[in-house]
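K.L.:
Let's see this in three dimensions:
(chains A and B)
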There are 2 protein chains.
Amino acid sequence: MDKLNVVGKREVMLDAWEKATGQARFTDDLSFPGMLFGKILRSPYAHAKILQVDLTQALNVPGVKDAITGRDIPKKMYGIVPMAKDEYALAIEKVRYIGDEVAAVVATSVEAAEEAILKIRVDYEELPAVFDPFEAMRPGAPILHSNVPNNVSASIRKEFGNVARAFSESDVVYEDTFETQPVNHSPLEPQAALAIVDLSGKVTLWSSTQIPFFLRRNLATTLDIPESKVRVIKPKVGGGFGQKIDLYAKDFCAAFFAMRTGKPVKFVYEREEVFTSTRQRHPMHIQLKTGMKKDGTLLAQQFKVVADGGAYNSTAPLMITLACYFIMLPYRLENLLFEGYHVYTNKPVGGAMRGHGIPQVRFAVETQLDMIAEKMGIDPLELRLKNAFLAGEPHPGKLLVQSCGFSDTLVKAAEGIEWKEKRGKLPFGRGVGLAGASFPSGVSNMSHISSGAIVKIERDGAVTLLTGAADIGQGAETVISQIVAEELGVTLEDIRITAADTEITPLDPGTFGSGVTLRAGNAAKMAALAAKEKLFEAVAEKMEVHSKDLEAKNRRIYMKDQPEKGMSLIEAIKIYQYSDRPMPIIGRGSYLPPAKEPTTLLKEDGNFSPAYSFMTQAAEVEVDTQTGKIKVLKMVASHDCGRAINPMLVEGQLEGSVVGGMGQALYEDVITDKGEVVNPSFLDYGIPTAMEVPSIVSIEVETNDPEGPFGAKESGEGTQLAPAPAIVNAIYDAIGVRFKTLPVTPEKVLEALWKK
Amino acid sequence: MDKLNVVGKREVMLDAWEKATGQARFTDDLSFPGMLFGKILRSPYAHAKILQVDLTQALNVPGVKDAITGRDIPKKMYGIVPMAKDEYALAIEKVRYIGDEVAAVVATSVEAAEEAILKIRVDYEELPAVFDPFEAMRPGAPILHSNVPNNVSASIRKEFGNVARAFSESDVVYEDTFETQPVNHSPLEPQAALAIVDLSGKVTLWSSTQIPFFLRRNLATTLDIPESKVRVIKPKVGGGFGQKIDLYAKDFCAAFFAMRTGKPVKFVYEREEVFTSTRQRHPMHIQLKTGMKKDGTLLAQQFKVVADGGAYNSTAPLMITLACYFIMLPYRLENLLFEGYHVYTNKPVGGAMRGHGIPQVRFAVETQLDMIAEKMGIDPLELRLKNAFLAGEPHPGKLLVQSCGFSDTLVKAAEGIEWKEKRGKLPFGRGVGLAGASFPSGVSNMSHISSGAIVKIERDGAVTLLTGAADIGQGAETVISQIVAEELGVTLEDIRITAADTEITPLDPGTFGSGVTLRAGNAAKMAALAAKEKLFEAVAEKMEVHSKDLEAKNRRIYMKDQPEKGMSLIEAIKIYQYSDRPMPIIGRGSYLPPAKEPTTLLKEDGNFSPAYSFMTQAAEVEVDTQTGKIKVLKMVASHDCGRAINPMLVEGQLEGSVVGGMGQALYEDVITDKGEVVNPSFLDYGIPTAMEVPSIVSIEVETNDPEGPFGAKESGEGTQLAPAPAIVNAIYDAIGVRFKTLPVTPEKVLEALWKK
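P.N.:
Numbering: from 1, shown residues only, chains lettered A, B, ... in the order given. Down below sits the predicted model:
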């Protein structure tokens, strides 16, 4: 492997100090003179017609400057997936869930806005509601959207190979049903937006968003103005996990009120609104049928998945498609039949969340694999190793897997958790388990939106990087800067980065699908290379050598084979400059993944990601048989992320995913009663705290993917897939009880032990 | 001439509305929470040693947060011309003029800062001062800077041809002496600066500057930190005229205090400080000897120029050099001897001002030409036409004049003022006069700093332009946007511009020497072309034609010869995008004028500007023989600016220059008494008001220079050269009195009439 100076180093996140000292400015930290504060009135009904809204009294509240209802806004629907738009910024004719947006006000103080919201009179005509996806699919069920008579707003049926025949050829066929719960992303920063409008009518919006350029498009659509009249700037963002991909009423209202009043307008959601009215992980009902040879060879799998989407689509068609396509790895599987349904119910809305549709299905597969292994008397680790996919193998789904460290991750995770010594050998109440997974590095080229980057080398050797990539806390800006520094042979300190401003930085699809490092990283690398080549050309001319023989490292440019023959970067820049070449040296890069869109895969098979990462998580747990409480003692996360550009940040992702996975396995559940969220606060909704976090061992398996920048692949989402099944498998090893529904609460454990 | 759609149109300045409605944000309009306000203590002595400064009482004033003296700052000198740096941000050992910076404080309010300034105790040892440049040059005169024993900090002696021989061959030789006064630029926005510092130690400075990138360099030098640790952003600037080229104590202090306190710090100058402690036009003493043939052929000119520079150099070597080189046009002059001296005196500091060194010399030349014409019985217009330089002529100074409309401007100005009908024919007390001039479009490539531009074509057809050009009110952003719109065949509304932010925009030398339109305009045009070519390539492929046969106009791309064969820009972008080419379409342009640096011309002759503009101003005046008051009735400004990208903005420049020239001719004078400015306010210092402004006729002579973008040349400064001599020549025509010193005040007029 070539010697690298910046890439692969444990560099401190560029904004770590800012954040640690509280000086980082998130959307809510920004303000303008004369700014107005907004609040949104939300539906108390799960399903109702809006007969009439009276704003009079609200407008009379001192300090209130303006108020609107759905009838005051352009009748333009928005949505992540163009073909599945089904939502207005504010509900127009009816509300479809408790928390749906009905009206909004702006005032000179938050208090006045809150008071005004209470004074809005709304006449509703309540409608029958449906809360269960299976009921919702039955004929005669209440219909949420008139254009979707059976409430199935998205579905997929896909078969590879011949599943029927494969089952008939199988020695053993197992069928089980699994259920997962709704989970909230719980970003520490609630959704916020701040908008100003200039005299040309151009809207500038600061928003806690993961995808500034998509937000610009959706916002322009809902405001019914050209995209070029909207500028979206992403300040610091306090976590997203997929929840900050959608446009929300706060974005639209901030901009729309700013346009109406001419004043700066800010909307910040309460935590309760984050729980009830943003997005959550789709709860799923999964029927899984698996056929196998005696020797443990996986022959076929058949899925029937029903996802409860809540009141709107958000990413629906994408989610259900990804659930299918992401399951095609990490195992060798010739025959697959996947049936998936996204169903409307009068409940909070499902959306993209870390793993996007797949952790639920992965939970089913990895749990069932253990069940099968036990029945067949095969070690679960061996069973997985036997079927582990290998790099370069032909794939029935035509996926191009150029690097694959899955087997390594299995072996290393097993070692880390002392599999041989502990599996089935620990005293009752303690056990170990593991689970594998795979994830793409960026899903497809998303309606042909590429990542762009511009690199400027200044006269004093400083490097300016313009990227559209949206850092939401994962450290994208640091990683991309490291890539540029490495390519140019300078240090991280030499890089100044400007990111995620739709007016200034190049286009970028944003942060989702774990594509940032690979997409924006490749774009930035190309831009750096382009700038470097300009410099090399001038230096080569001066040194009378071929520029292809030059290399840039440690702020020097020199002959590859005679490192002493060269000059400092500064000298090189001077030579370039005094050769009457124009300053600054500007390089441009743009990267479009060589992949098809998953949403078109329904028609056409093919590789839908530039690269695939692989991982295994292993867990050791202790079950308190008196209280039913489960304590996770240790987690080992081993991950093939190609090459870790910044190992410390990769570990951050692995550790975060362990905590997220624990939440999903043991604690988190957005509980609704007739569509009403009953635990919309951090007090009632149990995300794991420092008290619950176990000792975590992170192991990186480096494979250097040929498509990734310096070999890098994703490390943000795949790691979230395996923890829950690993923990549940460990629970089985501990107390011999198999749980097929999440979360595994103390109540369920006690009940199960009781039955036993 | 090719048909243009946007270039050549009278487009309203992009920020006209913002400014007209008071919403434009200048530096002083910006603020941050917890911001501190600064004030500077200035020297009451013209020349004195600083023995001791005691800040104790100042620091005790409630609200005061910090205070510094010259001894607290890095001992780093700054200056526009590297070889002539002679100034510290705050005086360290001694003060050299009344207004020199001695100490500074920051406080939570302006009032507290003002109070604190008064409480600073300074022990001075007063030194002998010198206020007259000729005295300053005498042996034994007080010395301001120890390294310049004769107080002559810059000088130039240059000869073309053989002046001695030319005089001997002349039929007539005339010699006269002229004097000009110090003039203040009087920008409506006083100098201001606002600085913040982030945790990485990076300083961001918002400053009323004309040259953000040079300011970044000078600020980094004085702060003794790397350039890349300084970011300079130019908000709206309320006029500069050259006065906002220098770094000032306010820039340094804002940044330095921000670094010391960690708080945002703002400094805004009082009008009095603008008059006493920024920069002014150099007063000059000019001896001019001219030799001619009987027929009026100009044979030789010999200049001896002494410029009173005040206490520091600022642009000194550049100014005195330009005074020499700018005089080489607009007349055919084979033999020239120029001797110039820049002399230190204990007075306010001279610096770059609209015309930079040349209006003074031009006043001498154009006045003397009239005097000669009279003595020789030749019409002054004829005399000028006879000697007018023509495009393409070989130039003794090796200037490359590719376009020249000087003769046309003479003829048109004469027609405009009804020369034939009025010259010498008006009743006593009324008269007409004219004067010609020439000016470069950008002086040299200024230490190899080019202009850069980046153009992004977005998916919806919007165009983003990143330019380093600094609009200070002249409309540069509008003009450059028009150039980009024209090149891409879109409308001005399609362009979004981001300018003058050293971190985000490409390098640009900034606004001086009238080079912006040509330099930044060419760079932007190249960037637009580069982006267009990418688009053409995809379209040509699709249409199966050659991209060279394509044209872009009216938001369409089509075949040059069959305009109906083509498509809309939006379609073209879609085609580009779905050809899997990376979005957005980014073009990069960079322009370095093909010219040498004037400061090196001392060693080496050559063309020092990419293009030269030419102009004539004609005046009609009325002299009140009772009061001595002079009323300018009419001015005709005819100008060869190559091509007017935006005629309305060119006229703005012409009209502004008329008013500026009137001020110089009749009203403005920074009067000092023993180095103290006695009229440092708009009440006492007479800039022309709407009451004095005459009817102004602006005439554009278009020549389409091959080097200029769409043929454009400068129109900002050259026009400032001729008004004063034109008015003075008109006064002579009116009352037969010849004035050789400026300004021509009523007192001087009455005195002269009395003598007569």
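K.L.:
Just to check, A:Leu535 is in contact with A:Ser579?
P.N.:
No: counting by Cβ atoms under 8 Å, A:Leu535 does not reach A:Ser579; the two are 10.7 Å apart. The way it works is simple: take the backbone N, C-alpha and C, and place the C-beta from them, glycine included.
K.L.:
So which of those two has more stuff around it?
P.N.:
Between A:Leu535 and A:Ser579, counted using other Cβ atoms under 10 Å in any protein chain shown, the more crowded position is A:Leu535 (23 against 13).
K.L.:
All the helices of the stretch 351-500 of chain A, residue numbers only.
P.N.:
A:358-376, A:380-387, A:406-416, A:419-422, A:476-488 (DSSP state H, counting those that start in this stretch).
K.L.:
For the third one, what does the pLDDT average out to?
P.N.:
Confidence over helix A:406-416, taken as the mean pLDDT, stands at 98.
K.L.:
go on, stretch A:591-605?
P.N.:
Across stretch A:591-605, pLDDT averages out at 61.
K.L.:
ok now stretch A:208-227, how far from the chain's centre?
P.N.:
In terms of Cα atoms, centre = their mean, to the nearest Å, the centre of stretch A:208-227 is found 19 Å from the chain centre.
K.L.:
That should have said stretch A:196-214, apologies.
P.N.:
22 Å.
K.L.:
and the gap between the closest residue to chain B within the stretch 601-750 of chain A and A:Leu399?
P.N.:
Distances between the stretch 601-750 of chain A and chain B by Cβ to the nearest Cβ are smallest at A:Pro610, namely 13.2 Å. Distance check for A:Pro610 against A:Leu399: by Cβ to Cβ, to the nearest Å, it reads 11 Å.
K.L.:
higher neighbour count, these two?
P.N.:
Neighbours were counted for A:Pro610 and for A:Leu399 using other Cβ under 10 Å; A:Pro610 has more, 27 against 21.
K.L.:
what residues are up against that one?
P.N.:
A:Ser441, A:Gly442, A:Leu518, A:Arg519, A:Pro593, A:Pro594, A:Ala595, A:Glu707, A:Gly708 (Cβ atoms under 8 Å, 6 or more residues apart in numbering or on different chains).
K.L.:
Likewise for A:Ser153?
P.N.:
Residues in contact with A:Ser153, defined by Cβ under 8 Å, 6+ apart, are A:Ala84, A:Asp86, A:His145, A:Gly309, A:Asn313, A:Ala316, A:Pro317, A:His342, A:Val343, A:Tyr344.
K.L.:
Switch those residues over to a markdown table; also include secondary structure and distance to A:Leu683.
P.N.:
Below are the contacts of A:Ser153 laid out as a markdown table (DSSP: H, G, I helix; E, B strand; the rest coil; distance: Cβ to Cβ, whole Å):
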| residue | secondary structure | distance to A:Leu683 |
| --- | --- | --- |
| A:Ala84 | helix | 35 |
| A:Asp86 | coil | 33 |
| A:His145 | coil | 34 |
| A:Gly309 | strand | 27 |
| A:Asn313 | coil | 31 |
| A:Ala316 | helix | 31 |
| A:Pro317 | helix | 36 |
| A:His342 | strand | 31 |
| A:Val343 | strand | 31 |
| A:Tyr344 | strand | 30 |
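K.L.:
Just give me how far the helix or strand A:Trp754 falls within sits from the chain centre.
P.N.:
Taking DSSP states H and E as the definition, one finds A:Trp754 inside helix A:746-755. Relative to its chain's centre, helix A:746-755 lies at 34 Å (Cα atoms, centre = their mean).
K.L.:
For it, buried residues please.
P.N.:
Buried positions in helix A:746-755, judged by neighbour count with 16 or more other Cβ atoms under 10 Å in any protein chain shown: A:Val749, A:Leu750, A:Ala752.
K.L.:
Can you name every helix or strand that it contacts?
P.N.:
Contacts defined by 3 or more Cβ pairs under 8 Å, 6 or more residues apart in numbering or on different chains; DSSP states H and E place helix A:746-755 against helix A:723-735.
K.L.:
Checking my notes, A:Pro149 in a strand, right?
P.N.:
No: assignment of A:Pro149 by DSSP: H, G, I helix; E, B strand; the rest coil gives coil, placing it outside any strand.
K.L.:
helix, strand or coil for the closest residue to it other than its chain neighbours?
P.N.:
Spatially, and ignoring its direct neighbours in sequence, A:Pro149 is nearest to A:Ile143 (6.1 Å; Cβ to Cβ, 6 or more residues apart in numbering or on different chains). Three-state call for A:Ile143 (three-state DSSP): coil.
K.L.:
Kindly format the C-alpha coordinates of stretch A:133-140 as PDB.
P.N.:
This file holds the C-alpha atoms of stretch A:133-140, laid out as PDB (Å, rounded to 0.1, in the frame of the first residue of the first chain):
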ATOM      1  CA  PRO A 133     -51.200  -1.600   8.100                       C
ATOM      2  CA  PHE A 134     -53.000  -4.900   7.600                       C
ATOM      3  CA  GLU A 135     -56.400  -3.400   8.400                       C
ATOM      4  CA  ALA A 136     -55.400  -0.500   6.200                       C
ATOM      5  CA  MET A 137     -55.000  -2.800   3.300                       C
ATOM      6  CA  ARG A 138     -58.400  -4.400   3.800                       C
ATOM      7  CA  PRO A 139     -61.200  -3.400   1.400                       C
ATOM      8  CA  GLY A 140     -63.400  -0.800   3.100                       C
END
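K.L.:
Can you give the distance of it from its chain's centre?
P.N.:
30 Å.
K.L.:
Mind listing what's buried along it?
P.N.:
Buried residues in stretch A:133-140, counted by 16+ other Cβ under 10 Å: A:Pro133, A:Ala136, A:Met137.
K.L.:
Would you tell me which one of these comes nearest to B:Asp54?
P.N.:
A:Pro133 (80.2 Å; Cβ to Cβ).
K.L.:
what sits against the closest one?
P.N.:
Residues in contact with A:Pro133, defined by Cβ under 8 Å, 6+ apart, are A:Asn151, A:His285, A:Val306, A:Ala307, A:Asp308, A:Gly309, A:Tyr341, A:Val343, A:Thr345.
K.L.:
Wasn't A:Ile50 part of a helix?
P.N.:
No: under three-state DSSP, A:Ile50 falls outside any helix and is assigned strand.
K.L.:
Where does pLDDT dip in chain A?
P.N.:
A:1-2, A:444-448, A:595-605 (pLDDT under 70).
K.L.:
my read: A:Gly350 touches A:Leu318, true?
P.N.:
No: in this structure, A:Gly350 is not within contact of A:Leu318 by Cβ under 8 Å, at 11.6 Å.
K.L.:
That'll do, ta.
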